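Chemist: sharing a sequence plus its predicted fold:
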Amino acid sequence: MPSHAMQERIDAFRAGQRGSAGRATPPLEERRAAFAPAGQLHPVPDDVRVTPVTANGVPAHWLDAPGVDTRRVLLFLHGGGFELGSVRSDGELAARLGRAGGMRVLFPEYRLAPEHRFPAAIDDVVAAWRWLRTDQHLSATSMAVAGASAGGGLAVSLLVATRDAAEALPAAAALMSPTVDLTESGASMTDRADQDPISTPAMLRQFAADYLAGADPKAPLASPLFASLSGLPPLLVQAGTADVLLSDSERLASAAAKAGVDVTLDVGEGLPHVYQLLLGTPEAAKATEQIGAFLRARVR
């Protein structure tokens, strides 16, 4: 069961759902400006150095917590349904994971839908990854990728694209409630709809439609659940049962295991979508510790 602190946050999300029911959807720019996936914005801590950089044409930020090993890098991919999110909304989580793993973080601001449709986002992610390899002269074994929600799907797509290009893959991937099936066909889209305090099936279908703009939702780099997963590095997948996208995590973990991938699936009872963002809850702290240990054990 969720902790008291987590339950308070879940209740606040539910109150927000009720308050917005029946209201017209605000314009996209307003939604982007107000986007706070944790229910409130958590700024990047003051002791983390934030350095803007252009990574192979992609705007990005280095996030360096004190004492991290700058020779080890975590590529962090934010969520937001492929059309929301930035370092403003997700930078605290990225910096926290970098600190836990003892790594510096590269946070790319990949292009967003609907202005930039599939495959713009994954093209930017691949470009940023190759910048780390070629311009920064980093070995693949010294890097990992982490992604939340849509960013989790992009992380898996990056692994697939890199493998298919016969390039060296990251040492590991940490995935938080990853979106890996844009057909929205998972059982949890129906079974968990009344339990999810954040997302609705209709909202997720609209995100997918805006991103795909008519592209095949089963394209491997759009929905990596339908790609071959053989040869991928170790995966840590964290999810919660109060999430209409739970089936994405479950099916990804199952398919990866069948493909011979070293995969760990951790599902928290009663926890919402990307609960790791909810700073100050025991569940977020535990998830951060688990990801940190996972990264430290695999990234050299």
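Modeler: Ah, there it is.
Chemist: which positions in stretch 220-230 come out as buried?
Modeler: The neighbour-count check on stretch 220-230 (16 or more other Cβ atoms under 10 Å) flags 220-227, 229 as buried. Any C-beta I mention is one placed from the backbone N, CA and C, and that applies to glycine too.
Chemist: residue 269: neighbour count?
Modeler: By the measure other Cβ atoms under 10 Å, the count of residues near residue 269 is 9.
Chemist: could you name the helices and strands sitting against the host helix or strand of it?
Modeler: Per DSSP states H and E: residue 269 is located in strand 263-272. When contacts are defined as 3 or more Cβ pairs under 8 Å, 6 or more residues apart in numbering; DSSP states H and E, strand 263-272 packs onto helix 4-20, strand 235-242, helix 246-258, helix 282-298.
Chemist: these: which one's closest to residue 170?
Modeler: Closest of those to residue 170 is helix 282-298, at 9.3 Å (criterion: Cβ to Cβ).
Chemist: buried stuff in that closest one?
Modeler: Buried residues in helix 282-298, defined by neighbour count with 16+ other Cβ under 10 Å: 283-285, 287-288, 290-292, 294-295, 298.
Chemist: okay if I get these as a markdown table plus distance to residue 39?
Modeler: Shown next, in a markdown table, are those (distance: Cβ to Cβ, whole Å):
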| residue | distance to residue 39 |
| --- | --- |
| 283 | 14 |
| 284 | 12 |
| 285 | 17 |
| 287 | 17 |
| 288 | 18 |
| 290 | 22 |
| 291 | 21 |
| 292 | 24 |
| 294 | 26 |
| 295 | 26 |
| 298 | 32 |
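Chemist: closest one of those to residue 2?
Modeler: When those are compared against residue 2 (criterion: Cβ to Cβ), the nearest one is residue 283, at 6.9 Å.
Chemist: contact partners for the closest one?
Modeler: 2-3, 6, 268, 271, 275 (Cβ atoms under 8 Å, 6 or more residues apart in numbering).
Chemist: can you select the buried ones from those residues in PyMOL?
Modeler: The following PyMOL line selects those of the contacts of residue 283 that are buried, judged by 16+ other Cβ under 10 Å:
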select buried, resi 2+3+6+268+271+275
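Chemist: sort out which one of the contacts of residue 283 lies nearest residue 49 for me.
Modeler: Residue 49 lies nearest to residue 275 out of the contacts of residue 283, by Cβ to Cβ, at 27.3 Å.
Chemist: verify the stated contact: the closest one with residue 6.
Modeler: Yes. Counting by Cβ atoms under 8 Å, residue 275 does reach residue 6; the two are 7.1 Å apart.
Chemist: for the two, list the residues in contact with both.
Modeler: Common neighbours of residue 275 and residue 6 (Cβ under 8 Å, 6+ apart) are 281, 283.
Chemist: could you find the closest non-adjacent residue to residue 268?
Modeler: Nearest residue to residue 268, sequence neighbours excluded (Cβ to Cβ, 6 or more residues apart in numbering): residue 240, at 4.6 Å.
Chemist: typed the wrong thing, it's residue 90
Modeler: Among residues not flanking residue 90 along the chain, residue 78 sits closest, at 3.9 Å (Cβ to Cβ, 6+ apart).
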